[in-house]
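Colleague: Dropping a prediction and its sequence here:
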Amino acid sequence: MKNILYFDLETQRTANDVGGWDRKAEMKVSLGVTYSRATGQYEIFSEQRVPQLIEKLSKADLVVGYNSRRFDYEVLMGYTILDLARHLPTLDLLDVVERAAGHRLSLDSIATATLGVGKIADGLDAIRWWREGKLMEIAHYCCFDVKVTKLIHEYAMEHGELHFFDRFSRKKTLKVELS
């Protein structure tokens, strides 16, 4: 079985805290989470374990994330000299959705319409929890996002499509290519 690794991370700071979205590497990791299809296990990485996280991502046959190329990898660039977007074999589901829809759609939008379950929090909640020292809440939220990403990937693989709700709350279907 291929070692498919599902991945997400949360940050310590907002884009406003660091002076803009072009400075993602300064946002710092609060927690990162992976789920390995090969082992069937989640792993949680604190900021101190980011080198191990990058090593684990590097050993995967495929890393699957949502907005991982334009966000998660950019945050991780604050910890490595590797160009992760080029170095890691990646399937960024946001790229897949954007190609199919012609615009970006949130993970929550895709999850709600495709799986019938939405996200349990958002990135600003995770930053607030970081400031409050509530690491378990961040871990729970980040693990849930990784699980949702995994389920969306599996759905797209099986059905060749994903769903979202448009601005009029109508369910729409996207035909997706995962190659």
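Modeller: Good, I have the coordinates.

Colleague: Quick one: low-confidence residue ranges for the protein.
Modeller: 1, 179 (pLDDT under 70).

Colleague: Please enumerate the helices of it.
Modeller: 15-18, 50-59, 73-76, 84-87, 93-101, 107-115, 123-131, 135-159 (DSSP state H).

Colleague: so which of these is the most packed in?
Modeller: helix 73-76 (a mean of 24; mean count of other Cβ atoms under 10 Å). C-beta here means a position set from N, CA and C on the backbone, and glycine is covered the same way.

Colleague: what's in contact with that helix?
Modeller: 9, 11, 24-25, 27-29, 50, 53-54, 84-85, 88, 90 (Cβ atoms under 8 Å, 6 or more residues apart in numbering).

Colleague: mind redoing it with 7 Å?
Modeller: Helix 73-76 is contacted by residues 9, 11, 24-25, 27, 29, 50, 54, 84-85 when judged by Cβ atoms under 7 Å, 6 or more residues apart in numbering.

Colleague: Which one, of the helices of the chain, ends up nearest to residue 5?
Modeller: helix 50-59 (6.5 Å; Cβ to Cβ).

Colleague: Output the contacting helices and strands for that closest one.
Modeller: For helix 50-59, the packing partners by 3 or more Cβ pairs under 7 Å, 6 or more residues apart in numbering; DSSP states H and E come out as strand 4-11, strand 29-36.

Colleague: Dump the helices of the chain into JSON lines; add distance to residue 173 as well.
Modeller: Compiled in JSON lines, the helices of the chain are given as follows (distance: least, Cβ to Cβ, whole Å):
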{"stretch": "helix 15-18", "distance to residue 173": "32"}
{"stretch": "helix 50-59", "distance to residue 173": "31"}
{"stretch": "helix 73-76", "distance to residue 173": "29"}
{"stretch": "helix 84-87", "distance to residue 173": "29"}
{"stretch": "helix 93-101", "distance to residue 173": "9"}
{"stretch": "helix 107-115", "distance to residue 173": "9"}
{"stretch": "helix 123-131", "distance to residue 173": "27"}
{"stretch": "helix 135-159", "distance to residue 173": "9"}
